[in-house]
Each structure stands twice: as structure tokens, then as C-alpha cells.
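Q: attaching a predicted model along with its sequence, questions to come.
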Amino acid sequence: MSETSPKLRAVLDGIPTYKPGKPAAAGGPVAYKLSSNENPYPPLPGVLEGVIAAAGNFNRYPDMACTGLMNELANRFGVPVSHIATGTGSVGVAQSLLQATSGPGDEVIYAWRSFEAYPIITRISGATAVEVPLTSGDVHDLDAMAEAITERTRLIFVCNPNNPTGTAVRRAELERFLDRVPSDVLVVLDEAYREFVRDEEVPDGIELYRSRPNVTVLRTFSKAYGLAGLRVGFAVAHEPVAAALRKTAVPFGVSQLAQDAAVASLRAEDELLGRVGSLVCERKRVYEALVKQGWTVPDTQANFVWMRLGERTAAFAAACEKAGVVVRPFPGEGLRVTIGEDEANDIFLHAAEAFRKEL
Ligand SMILES: Cc1ncc(COP(=O)(O)O)c(C=O)c1O
């Protein structure tokens, strides 16, 4: 009897595996992880206590409807509970959005380079990815994205601010773009870094969603709220999109620990957003120091900076690692560096200065 392996879907063949940010090296003199846009602060005491209390019950399934968290979010954002859908991180919700809208023969548009999960989850859905290059300033080219829409387009991601470049699109251009998108095409405003935005011209997607039924906003507790390890994110979407998300979600995907921590984080928001304010100050310091050293860095509204280093990317990433900070290289293109602890940022800046002098 000849042995054959189980038949897998052909679309999986070309799909890259998601590449997580490299962890900091263990055992070195100093090692900081600036490769995954995480929040460097440890959990707030109140949040930690909530999680510890929930841990005593993890022999039970979580509340599948995420009732407490959904109510808290509805209050916090002034939206109906029925317009919220939660998931295992916002990437989990993004995958549910694709399952709900797109399949073979359909097209999904996003900027490139952008969040590296988009091509993966798009291809898994079977839909065709339509990648629209960023402008020369590393910003979404919304005119080109509007022109890429066809009758097969089902979903468009706008990552605002964009990962990995940190650049953000502003209100007037985003509204002009949304006006050009047919009402039966879903626009997903991925706002994973919304809390770090300080440019007042960058719109809050939840305000745009209110009057536009084809706009869905993705948010996460992984970045500003510091819950990356607990995996919880959510969408704010009109019906029937929100209802479809609840159908496609993995049952019990959001643990009780994550739900309780997210509720506690929303209640401790003042303190958490104070920490975000400190990171934004550090971002300014890092950005200005890099510019002073002579680097070209696009304006960033997120908790990271982007350096388009082309062929020198790998060498600079190695120099950073040697100095004690792990950053995120995209070989041949550029490097993303998360704003971390003050000391980590200092190490990175010294490495950047030394590398610059060798050029
Ligand atoms: C733009 C963007 N969206 C979504 C995510 C996913 O975050 P999570 O699944 O942790 O909520 C990330 C994480 O890096 C991101 O950069």
C-alpha cells in the first residue's frame, strides 16, 4: 500500500509563516527586546491581582460571550454592545473578518509594506492579495489603493498608524478615500497603536465608523494596555459585520484571564495612558536624536521608529544586538525599533551613532 500524506489546501504552499520579533538574548550583560512593539512596563498591580483571582478558576471555560468586557467596551466607546466583537488579539479578529468576507476569487487590498499578518491571513482565506506600495515617504498611498478597487474587492486594510513605518494618514485624505470605496466593500481601520497618536489630524476610526456602515475598527489590548501575552483584541463594527464576527470567532477564544485583565485595564486607563504618555516622550527623544545623527526617519505616531536602511539593514540589526538591544529587521528594506525602557533606547541610540560614523 503506497503512503500519501493528507491532502492540504494548495493555497498554503506559498504562505510565509508569521515571524515573531526575536527575543532578547539570555545570559548577556544587557538584553532588551525592542522587536515586537510591546509595552515595556510590567502589569499594573490592580490588573495583576484581577488575573491572579481569575487564575483560580481556569478549570472552567471562560464566558464565551465576553459579557463583562463587551459591556465595559460599549460604555467606554459609546457604541452598542452588539457592535463589538472580541477575539484572540486583534489579529484573531482580523482573521475572522477575512473568513466573514473573503474567499477564492475575491480580492483584499492593503498597503505594502504593512503588518506582516495581512498577506498570511489573506492567503489562508483563499482570496487574492492586492498589495499597493507605500509612497516614497512610507505612507499609505490611498489614491492608488482606491484605484486598485475592482468588483472583486471585498476587504481593504488601512493600518493607521502603519506597522512597521509608524506613519499615519490624516482625516481629510482618509475621508476622501472612504468616500471613494463602494458601500459593499469593508474597510478595516487597524488601529493597534491608536493610543500613541498625538497628531490631532489623525482621525479616531471609531468616529469615522459611526456614520459609515462599511467601516470596521480593530483595536488591541496588546500594545498601550500591556496585555500582549494574554491575547485579547476587538472590533467595533456595524451589524451585520459584528454579528458575522461572532459567528466566525473561535469558541471560547478569549480566556477569562484575558477578559478580566482587559476590564481591569480599562478601569485603570488613566494610569496606563500616563505610561503611554511617557513612551510618547521617549519616542520624541529617540526620533530627534536619530535625526540629529543624520538619519532619515519618517514621522511616527506609534510606539516604534522605522529606518529605511536597504542593504545595510542586517548589518545594523547585528550591531544593535551586539550592543544589547534586539530590533526587528526586514532584510533589504529597513528596521523597526520599538520604544522601550529609557536605558534600552539609550543603548539603541549609541549603536545608531556608532554605526552612522562607520558609514
Ligand atoms: C498593525 C497591527 N495590527 C494588529 C496587531 C496584532 O496585535 P494583537 O493580535 O496582539 O492584538 C499588530 C501586532 O503587532 C499590529 O502591529
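A: Thanks, I have it.

Q: mind giving me the packing neighbours of whichever strand or helix holds Val305?
A: According to DSSP states H and E, Val305 maps onto strand 304-307. Contacts defined by 3 or more Cβ pairs under 8 Å, 6 or more residues apart in numbering; DSSP states H and E place strand 304-307 against helix 269-293, strand 334-338. All C-beta atoms are positioned from the backbone trio N, CA, C, and that covers glycine.

Q: against which helices or strands is the longest one packed?
A: Using 3+ Cβ pairs under 8 Å, 6+ apart as the contact criterion, the secondary-structure elements in contact with helix 269-293 are strand 304-307, helix 342-358.

Q: by how many degrees do that helix and helix 342-358 diverge?
A: For helix 269-293 against helix 342-358, the angle by axes from the mean of the first three to the mean of the last three Cα atoms, to 10 degrees is 20 degrees.

Q: okay, buried residues for helix 269-293 please.
A: For helix 269-293, a neighbour-count test (16 or more other Cβ atoms under 10 Å) marks Leu272, Arg275, Val276, Leu279, Val280, Glu282, Arg283, Val286, Tyr287, Ala289, Leu290 as buried.

Q: what does the lowest-mean-pLDDT helix or strand in the chain contact?
A: Least confident helix or strand, the chain: helix 45-55 with a mean of 90, by mean pLDDT, DSSP states H and E. By Cβ atoms under 8 Å, 6 or more residues apart in numbering, the residues outside helix 45-55 that reach it are 43, 226-227, 230, 256-257, 259-261, 263-265, 267-268.

Q: residue of the stretch 251-359 of the chain with the smallest distance to the ligand?
A: Ala302 (8.2 Å; Cβ to the nearest ligand atom).

Q: sorry, back to before: out of the helices and strands packed on strand 304-307, nearest to Phe355?
A: The minimum distance between Phe355 and the helices and strands packed on strand 304-307 falls on helix 269-293, with 9.2 Å, by Cβ to Cβ.

Q: quick one: mean pLDDT over the closest one.
A: The average pLDDT within helix 269-293 is 96.

Q: off-centre distance for it?
A: Distance of helix 269-293 from the chain centroid (Cα atoms, centre = their mean, to the nearest Å) equals 18 Å.

Q: what's in contact with it?
A: 39-41, 44, 76, 195-196, 198, 224-226, 265, 297, 299-300, 303, 305, 307, 337, 339, 342, 345, 348-349, 352-353, 356.
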